[in-house]
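Visitor: dropping the sequence and predicted coords here.
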Amino acid sequence: MVLHLHLSPAVEVKKNPKITVAELQRCSREMGESCRKSTITAALHQSGLYGRVARRKPLLSAKHMKAHMEFAKKHLKDSRMVRNKILWSDEKIELFGLNSKRYVWRKPGTAHHLSNTVLTVKRGGGSIMLWACFSAAGTGRLVATEGKMNVAKYRDILDENLLQSAQDLRLGRRFTFQQDNDPKHTAKITKKWLHKNSVTVLEWPSRSPDLNPMSISGET
């Protein structure tokens, strides 16, 4: 009986890492056993499995993955001076009620395994949108805006904060600005502003938050 208790929860977790203790308890009843939640949790811990918040990971196609790899190889040998001149930026949408944490049973060191993550897709709208930037020298400005951010709002954010952030961080005029390929970032009005202000933009592969230290720092 003890051996079965130690094996069964781990087997179910291997099939579905996102299964809850309550669901495992129900499974044990269906198998004719009556296990406490604490017993199930202890059995999982003995198998090296612990409940952790699932990391969010963008849903990528083979084409996306190939582009990411090519980008990484291209910039692998960039000098520290080049990297220090990059002003990274990102936006985070706070969708109240939709940003709830999802837990997963996993072993240490497996946080980024596909089965232990929650796949995400880009979505518009939200209650609060945050725009921020930083470089190797430190953090730039943080801007909060209510409601959905459109092209005009984004252009205004750049106009009021981008060059000032670069100045505050002492990047000089010849810095490189990083932004993703969101439609408002690649819109004509945005490109026109960037060109008018002589801002060099880092070319960026689609769906690449894993390549952006701004996105990674936002998850920690």
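Guide: Looks like it arrived, so ask away. Residues are numbered from 1 along each chain as shown.
Visitor: kindly export stretch 41-52 (C-alpha atoms) in PDB.
Guide: C-alpha atoms of stretch 41-52 as PDB (Å, rounded to 0.1, in the frame of the first residue of the first chain):
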ATOM      1  CA  THR A  41       1.900  15.900  -1.000                       C
ATOM      2  CA  ALA A  42       4.500  14.000   1.100                       C
ATOM      3  CA  ALA A  43       4.600  11.200  -1.500                       C
ATOM      4  CA  LEU A  44       5.200  13.800  -4.300                       C
ATOM      5  CA  HIS A  45       8.000  15.400  -2.300                       C
ATOM      6  CA  GLN A  46       9.600  12.000  -1.700                       C
ATOM      7  CA  SER A  47       9.600  11.600  -5.500                       C
ATOM      8  CA  GLY A  48      11.300  15.000  -5.900                       C
ATOM      9  CA  LEU A  49       8.200  16.800  -7.100                       C
ATOM     10  CA  TYR A  50       7.200  20.200  -5.600                       C
ATOM     11  CA  GLY A  51       4.400  22.600  -6.300                       C
ATOM     12  CA  ARG A  52       5.700  25.800  -8.000                       C
END
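Visitor: mind checking the SS state of Pro108?
Guide: Here Pro108 is recorded as coil under DSSP: H, G, I helix; E, B strand; the rest coil.
Visitor: what of Ala132?
Guide: strand.
Visitor: give the bridge partners for it, please.
Guide: Bridge pairing for Ala132 (DSSP bridges) gives the partners Asp90, Leu142.
Visitor: next, count neighbours for it.
Guide: 20 (other C-beta atoms under 10 Å). All C-beta spots, glycine's among them, are computed from the backbone N, C-alpha and C.
Visitor: now do stretch 146-158: distance to the chain's middle.
Guide: Computed by C-alpha atoms, centre = their mean, to the nearest Å, the separation of stretch 146-158 from the middle of its chain amounts to 21 Å.
Visitor: how about whichever strand or helix holds Arg29: buried residues?
Guide: Mapping Arg29 onto the secondary structure by DSSP states H and E places it in helix 21-30. Neighbour-count burial for helix 21-30 flags 21, 24-25, 27-28 (criterion: 16 or more other C-beta atoms under 10 Å).
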